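1. no FASTA, just this:
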């Protein structure tokens, strides 16, 4: 059978497709997102993808939930302080689900009034240096679940009836600092199932 010129473009296209599938993929480079206020921080967290670095250019006070879902990011505090504070009524103040957050080169303080965890990791990893203080009935300063790991350097406090400094469910929490609780039925450390504190 003799090939006609119409077969050549099809054959070239097939060779090109096969060659492209064998080529290694090009690396994806992480972005560095510079932020100087709460609005820029919220926007950077929302738009970030795995590998991105959010770098502070000034001290920032943030008053709404920080939620990191399905991505691994770093916040370079750049020797500034990030303060998450206020009355958080919907969700944990800092919530990481199926991802990771590492805050480096500075202090990340969390001082909130809530009936939920101030810091919550669900199937995630969190590394922070700072202070966490939660106030409210049933509040939890730090909560880790579903094979999470939290490494926290700083003091932890919870105040309110039934409050807990740290709760862990099938997870690991490491604290270098003091844990203080105040309130009827309050507990400093609660570990369920296969937890390590």
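-> Perfect, thanks for sending it. All of these numbers come straight from a predicted model, not from anything done at the bench.
2. So in that sheet, which strands flank the helix or strand encompassing residue 118, and in what orientation?
-> Using DSSP states H and E, residue 118 sits in strand 117-122. With DSSP bridges as the criterion, the sheet partners recorded for strand 117-122 are strand 94-97 (parallel), strand 140-145 (parallel).
3. Return the distance of it from the chain's centre.
-> Computed by C-alpha atoms, centre = their mean, to the nearest Å, the chain-centroid distance of strand 117-122 equals 9 Å.
4. Just the mean pLDDT for that strand, thanks.
-> The average of the pLDDT scores along strand 117-122 is 95.
5. Skip ahead from it and say which helix or strand is next.
-> Sequence-wise, the next helix or strand downstream of strand 117-122 (DSSP H and E) is strand 125-135.
6. coming back round to it: show residues contacting the strand holding residue 118.
-> Where contact means C-beta atoms under 8 Å, 6 or more residues apart in numbering, the residues beyond strand 117-122 that reach it are 88, 92-98, 110, 112, 126, 128, 132-134, 139-146, 148-150, 152, 167, 171. Bear in mind the C-beta positions are built from the backbone N, C-alpha and C, glycine included.
7. sorry, back to before: winner for burial among the strands paired with strand 117-122?
-> With neighbours taken as mean count of other C-beta atoms under 10 Å, the strands paired with strand 117-122 reach their highest mean count in strand 140-145, at a mean of 27.
8. And the contacts of that strand?
-> Outside of strand 140-145, the residues within contact range by C-beta under 8 Å, 6+ apart are 92, 116-123, 132-134, 150, 152, 156-158, 163-173, 175, 179, 195.
9. what's the answer for stretch 95-107, then?
-> 50, 56, 65-82, 94, 120-131, 154.
10. how about 7 Å then?
-> Outside of stretch 95-107, the residues within contact range by C-beta atoms under 7 Å, 6 or more residues apart in numbering are 65, 67-81, 120-130.
11. buried subset of these?
-> Among the contacts of stretch 95-107, those buried by neighbour count (16 or more other C-beta atoms under 10 Å) are 65, 67-68, 71-77, 80, 120-122, 124-130.
12. picking that back up, whichever of the contacts of strand 140-145 end up buried, select them in PyMOL.
-> Applying 16+ other C-beta under 10 Å to these leaves a buried subset, and the PyMOL line that selects it is:
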select buried, resi 92+116+117+118+119+120+121+122+132+133+134+150+152+156+157+158+163+164+165+166+167+168+169+170+171+172+173+175+179+195
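13. for the residue nearest the centre of the chain, phi and psi?
-> Of all residues in the chain, the one closest to the mean position by C-alpha atoms, centre = their mean is residue 101, 3.5 Å from it. Here is the backbone geometry of residue 101 (degrees, to the nearest 10): phi -140, psi 130.
14. Distance check, it against residue 76.
-> Distance, residue 101 to residue 76, using C-beta to C-beta, to the nearest Å: 12 Å.
15. Over to residue 148?
-> Here residue 148 is placed at a distance of 22 Å from residue 76 (C-beta to C-beta).
16. Can you list the buried residues in stretch 33-45?
-> With the criterion 16+ other C-beta under 10 Å, stretch 33-45 contains buried residues 33, 35, 38, 40-42, 44-45.
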